[in-house]
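Colleague: Take a look and give me a structure for this.
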Amino acid sequence: MSKFKDFLVRKNILFSAKRYGVDALGAMAQGLFASLLIGTIISTIGQQAGIPVLEQIGTYAKSMAGPAMAISIGYALQVPPLVLFSLAAVGAAGNALGGAGGPLAVLVVSIFASEFGKAVSKETKIDIIVTPLVTIGVGVGLSMWWAPAIGSAASWIGNIIMWATDQQPFLMGILVSVIVGMCLTLPISSAAICAALGLTGLAGGAALAGCCAQMVGFAFLSFKENRWGGLISQGIGTSMLQMGNIVKNPRIWIAPTLVAAITGPMATCLFHLEMNGPAISSGMGTCGLVGQIGVYSGWMDEIAAGTRTAITAMDWTGLVMVSLIIPAILTPLLGIALRRMGWIKPGDLTI
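Modeller: Predicted coordinates:
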């Protein structure tokens with residue numbers, strides 16, 4: 001047993017919830033961003049500007065989502081170069097065979113392929129053959145075996161959430177908005193979760209509302225402490241910057257979370273805001289305005305498909321109100337009350 005533990009240490013194989021559930025998941029979201037999401041943005045620009053070459057570039061980028069995710073996961077797991085390069089095939093297989101739940105399938109099989117690849121890396125004189133053979137063999141083999149079931153399970157869970165949101169938009173609007181919004185601020189990836197579950201439609205709109213409430217909310221709540229730099233870094237960057245402060249004083253999380261509980265049902269019941277762009281956009285909030293671009297790309301897809309005639313003033317009003325105006329106004333107002341109660345003290349929000 002001691003020799004086995006020494007082997008794992010030497011190979012940098014660490015069975016850790018943080019490494020697999022935080023590091024790998026967060027890296028997967030970056031892989032999705034660098035392929036599917038940026039491809040969608042480029043394609044949308046190409047469509048609107050009438051530039052076919054941009055549409056083609058975007059299509060190529062979107063087609064590489066599987067390999068990009070797997071390589072990103074391998075990078076987070078600190079795999080050797082030959083394992084990293086071999087993960088491209090693993091990601092392609094996992095994403096294709098996983099269907100709508102492809103991202104979750106890629107996450108699972110890439111972790112196994114990475115660890116097996118690390119285990120055999122540089123252990124033989126024919127490493128150039130053995131390492132990619134094991135990495136690809138394990139990854140693609142598990143993809144063929146597990147990915148359809150993993151993808152179906154993830155898709156089923158996502159469909160249940162979306163169905164429940166359609167049936168009970170008020171209650172589910174609150175739950176989805178609060179939970180996904182909190183995941184965005186926590187050191188896990190709300191974007192990857194939304195992508196893995198394929199969270200779109202009204203549920204995607206509620207998720208977007210929750211993420212915006214956290215990002216824009218913290219940006220304006222902490223303006224006194226962090227000024228314009230903090231407004232930008234949190235408002236279009238990430239509210240995760242406040243995680244250290246939340247650990248010290250959890251009460252600073254109350255205001256943006258309450259706002260998420262308000263904007264979520266507003267998105268679902270009042271504005272009927274749907275995310276019909278890439279599911280990953282549902283968990284991006286205002287980060288680089290990716291969430292808003294996702295909503296817009298969904299509108300354009302609906303117009304192209306004939307299910308929507310035009311983008312109305314109400315559509316734009318809902319998107320702007322939920323994404324920006326309501327969090328920017330309500331969160332600081334709640335913050336004033338919390339400061340007067342002594343629950344938020346000077347310096348508690350400084351990043």
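
Colleague: Can you list the buried residues in stretch 308-325?
Modeller: 308, 315, 318, 319, 321, 322, 323, 324 (16 or more other C-beta atoms under 10 Å). C-beta here means a position set from N, CA and C on the backbone, and glycine is covered the same way.

Colleague: From residue 109, how far out is the residue nearest to residue 244 when sequence neighbours are not counted?
Modeller: Once flanking residues are discounted, residue 244 sits nearest to residue 351: 7.9 Å by C-beta to C-beta, 6 or more residues apart in numbering. Residue 351 sits 37 Å away from residue 109, taking C-beta to C-beta, to the nearest Å as the criterion.

Colleague: Also residue 213?
Modeller: 34 Å.

Colleague: Repeat that for residue 79.
Modeller: From residue 79 to residue 109 the distance is 14 Å (C-beta to C-beta).

Colleague: between the two, which one's more packed in?
Modeller: Ranked by neighbour count (other C-beta atoms under 10 Å), residue 79 and residue 109 place residue 109 first, with 31 against 26.

Colleague: For the more buried one, which residues are in contact?
Modeller: Counting by C-beta atoms under 8 Å, 6 or more residues apart in numbering, residue 109 touches 90, 93, 94, 139, 142, 143, 146, 147.

Colleague: so when I look at residue 143, I'm seeing a helix, right?
Modeller: Yes - secondary structure of residue 143 (DSSP: H, G, I helix; E, B strand; the rest coil): part of a helix.

Colleague: hang on, isn't it packed against residue 99?
Modeller: No - in this structure, residue 143 is not within contact of residue 99 by C-beta atoms under 8 Å, at 11.7 Å.

Colleague: What segments of the stretch 101-250 of the chain are helices?
Modeller: Under the criterion DSSP state H, counting those that start in this stretch, the stretch 101-250 of the chain contains helices at 102-120, 127-167, 169-185, 190-197, 201-221, 223-235, 243-248.

Colleague: Highest mean neighbour count out of those helices?
Modeller: Most buried of the helices of the stretch 101-250 of the chain, by mean neighbour count (mean count of other C-beta atoms under 10 Å): helix 201-221, with a mean of 32.

Colleague: and that one, what other elements does it pack with?
Modeller: Under the contact criterion of 3 or more C-beta pairs under 8 Å, 6 or more residues apart in numbering; DSSP states H and E, helix 201-221 touches helix 127-167, helix 169-185, helix 190-197, helix 223-235, helix 254-265, helix 290-305, helix 326-340.

Colleague: could those helices go into a markdown table alongside distance to residue 279?
Modeller: As requested, the helices and strands packed on helix 201-221 are exported to a markdown table (distance: least, C-beta to C-beta, whole Å):
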| stretch | distance to residue 279 |
| --- | --- |
| helix 127-167 | 8 |
| helix 169-185 | 12 |
| helix 190-197 | 5 |
| helix 223-235 | 23 |
| helix 254-265 | 17 |
| helix 290-305 | 9 |
| helix 326-340 | 22 |
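
Colleague: Mind putting those into a markdown table with mean pLDDT?
Modeller: Shown next, in a markdown table, are the helices and strands packed on helix 201-221 (pLDDT from 0 to 100):
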| stretch | mean pLDDT |
| --- | --- |
| helix 127-167 | 94 |
| helix 169-185 | 95 |
| helix 190-197 | 88 |
| helix 223-235 | 92 |
| helix 254-265 | 97 |
| helix 290-305 | 91 |
| helix 326-340 | 96 |
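
Colleague: Which of those helices sits closest to residue 203?
Modeller: The stretch from the helices and strands packed on helix 201-221 with the least distance to residue 203 (C-beta to C-beta) is helix 127-167; that distance is 4.1 Å.

Colleague: which helices and strands does that closest one pack with?
Modeller: Contacts defined by 3+ C-beta pairs under 8 Å, 6+ apart place helix 127-167 against helix 81-97, helix 102-120, helix 169-185, helix 190-197, helix 201-221.

Colleague: And residue 116, how far from residue 86?
Modeller: Taking C-beta to C-beta, one finds residue 116 at 11 Å from residue 86.

Colleague: Give me the common contacts of these two.
Modeller: With C-beta under 8 Å, 6+ apart as the test, residue 116 and residue 86 both reach residue 135.

Colleague: returning to what we had before: ok, of the contacts of residue 109, which one's closest to residue 277?
Modeller: Using C-beta to C-beta, the shortest approach to residue 277 within the contacts of residue 109 belongs to residue 94, at 22.5 Å.
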